[in-house]
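Visitor: no FASTA, just this:
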């Protein structure tokens, strides 16, 4: 390859779908991709929330389309991709960041409805979005799927059992995607964030006991920021990671070291 290293991080003209993009890691990733030149589809459940992020990206000189979708509902996941194809003619990148965790506690405290909701959004959602985006990526001869799991997907976190199970399934799903799609130019990698300062994990980093315990285990003794994950997502989405697929990447301050 003759491109400069900096050029390989550029995403000019590429179309990227980012789910769970109204705040936190998803918003930071959408902004990072847009800054690198991508046309970004900002998606989450509430239209007004994705509108705000898309407007901010456009105001900063980027290109963005706001599409409300609950990826836990197959018809909405399909419609998200169809709207992207109709607007920009294809898909090059999918960042599956949307996730839920409606219960905290032991496995036996959660009923079937809770389990179904977690699996629908955290596992089936990414698969459903990719199921519809893959043909476009294959036709273009290139594509990158970046799934956002959790350190709980590698080492289950206390009180987050079902969430950890779903995130472990997402790690495995990523590896299957990498194995099956690599020959057609489509890569798949997964990021496992640790404790990141987002609304999703607010109950953890605002708990002084949990925070002290976590930071005591980390070589980098601070809470992560959404941008700490977004930079890794940009790398994996770009040509800078052209030889990377099936990888499991930690963004946890060394917590699992």
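Guide: It's in. These numbers come from a predicted model, not from an experiment.
Visitor: mind checking which helix or strand residue 117 is in?
Guide: helix 112-119 (DSSP states H and E).
Visitor: distance between that helix and the chain's centre?
Guide: Relative to its parent chain, helix 112-119 has a centroid offset of 20 Å by C-alpha atoms, centre = their mean, to the nearest Å.
Visitor: Report the buried residues of the helix or strand just after it.
Guide: Moving toward the C-terminus from helix 112-119, the next helix or strand (DSSP H and E) is helix 125-140. Going by neighbour count (16 or more other C-beta atoms under 10 Å), the buried part of helix 125-140 is 125-130, 132-134, 136-137, 140. Bear in mind the C-beta positions are built from the backbone N, C-alpha and C, glycine included.
Visitor: Same question for stretch 89-101.
Guide: Neighbour-count burial for stretch 89-101 [16+ other C-beta under 10 Å]: 90-101.
Visitor: Those: which two are farthest apart?
Guide: 90 and 101 (32.7 Å; C-beta to C-beta).
Visitor: Help me confirm that residue 103 is found in a strand?
Guide: No - using DSSP: H, G, I helix; E, B strand; the rest coil, the secondary structure at residue 103 is coil, not a strand.
Visitor: got the phi/psi numbers for it?
Guide: Note on residue 103: backbone dihedrals following degrees, to the nearest 10 are phi -140, psi 140.
Visitor: Show the contacting residues for it.
Guide: 109-110, 114, 118, 162 (C-beta atoms under 8 Å, 6 or more residues apart in numbering).
Visitor: from those, which single one is nearest residue 73?
Guide: residue 118 (14.3 Å).
Visitor: doesn't residue 101 make contact with that closest one?
Guide: Yes - at 6.9 Å, residue 118 counts as touching residue 101 under the criterion of C-beta atoms under 8 Å.
Visitor: shared neighbours of those two, anything?
Guide: 162-163.
Visitor: for the residue lying closest to residue 155 once chain neighbours are set aside, helix, strand, or coil?
Guide: Distances taken as C-beta to C-beta, 6 or more residues apart in numbering place residue 256 nearest to residue 155, at 6.0 Å, with adjacent residues excluded. State at residue 256, reduced to three classes by three-state DSSP: coil.
Visitor: what's around residue 256, how many residues?
Guide: Residue 256: 13 surrounding residues under other C-beta atoms under 10 Å.
Visitor: Is residue 250 within a helix or a strand, and which one?
Guide: strand 248-251.
Visitor: Identify the residues contacting that strand?
Guide: Contacts for strand 248-251 (C-beta under 8 Å, 6+ apart): 149, 151, 154, 171, 174, 189-194, 196, 224, 228-229, 232, 236, 256.
Visitor: just the buried members of these?
Guide: Burial by neighbour count, judged by 16+ other C-beta under 10 Å, picks out 149, 151, 154, 171, 174, 189-194, 196, 224, 228-229, 232, 236 from the contacts of strand 248-251.
Visitor: Give me the below-cutoff pLDDT ranges for the stretch 1-150 of the chain.
Guide: For the stretch 1-150 of the chain, residues meeting the criterion pLDDT under 70 lie at 1-2.
Visitor: what residues are up against residue 168?
Guide: Per C-beta under 8 Å, 6+ apart, neighbours of residue 168: 149, 152-154, 156.
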